[in-house]
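1. based on what follows, work out the 3D shape:
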Amino acid sequence: MTPIMMMQKLQGYLQEITKEMFFGPLRLRPNIYLVDLPARATPDYDPDQQETDILPVQTTLPDERDERWPYIIIIFNSAEDTEDGYRTANIDLSFGCEGSGPDGYMDVLHLMEYVRASLLRETYEGWSFRLTRPLTMGFYEEQPDPYWIGYVSTTWEVPSIEQEVWKNGF
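-> The predicted structure is shown next:
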């Protein structure tokens, strides 16, 4: 089981368990991303219609909804092979919800707790990796109002590769 396969399996699982959840003032379903947030869509930019003279450029995006929120990002951090034939993989889940004050805070806390409880309850039948404890959950120190961001750090056990006998006996 490669880290990419683990991340894709988790992405499918998170999409399934959050398909009926809605967050933020617009009550949107969370987006599930691998590694990082995708680039934000830029409004009304068509490079083919630009004239040859250099025109003044607007350097800030207008105030409009960021289509990437709410989200869960799956981030592979590290892996270690243990002596007992297992490999442990550390994967962080980063959560983001939009909302002013306690509304945004409660939305991201609810999403984090729901995912944490679902992961702990899962039997992992058919999966080639399983969750181990402890799980770490929290909020980042600085929050960019009106967006709230938190994390859940997980550790997974994966079967390790066994060493083979070389052709010449070494």
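2. quick one: contacts for the residue positioned nearest the centre of the chain?
-> In the chain, the residue lying closest to the centroid (CA atoms, centre = their mean) is I73, at 1.4 Å. By CB atoms under 8 Å, 6 or more residues apart in numbering, I73 lies in contact with Y33, L34, V35, D36, L37, L93, S94, F95, G96. Glycine gets a C-beta too; all of them are placed from N, C-alpha and C.
3. phi and psi next, for the third one.
-> Recorded main-chain torsions at V35 are phi 70, psi -50, according to degrees, to the nearest 10.
4. for E125, see how far away it is.
-> In this view, V35 and E125 are 27 Å apart by CB to CB, to the nearest Å.
5. quick one: which of these two has more around it?
-> V35 (11 against 5; other CB atoms under 10 Å).
6. helix or strand: which one has the closest residue to that one other than its chain neighbours?
-> Residue nearest to V35 in three dimensions, not counting chain neighbours: I75, with 6.2 Å by CB to CB, 6 or more residues apart in numbering. Assigned by DSSP states H and E, I75 falls within strand 71-81.
7. now that strand: average pLDDT?
-> Averaging pLDDT along strand 71-81 yields 95.
8. ditto for stretch 7-26
-> 94.
9. kindly report the same for stretch 34-43.
-> Mean predicted confidence for stretch 34-43 is 83.
10. just stretch 106-126 next, same as before
-> In the prediction, stretch 106-126 has an average pLDDT of 94.
11. quick one: contacts of it?
-> With CB under 8 Å, 6+ apart as the criterion, stretch 106-126 contacts 13-14, 17-18, 21, 23-24, 30, 70, 72, 93, 95-99, 130-131, 135, 137, 139, 148-152, 154.
12. inside strands: which ones of the residues you listed?
-> In strands, defined here by DSSP state E, the members of the contacts of stretch 106-126 are 72, 93, 95-98, 130-131, 135, 137, 139, 148-152, 154.
13. mind naming the longest helix for this protein?
-> In the chain, with assignment by DSSP state H, the single longest helix is helix 102-121.
14. since that was my last question, I'll sign off now.
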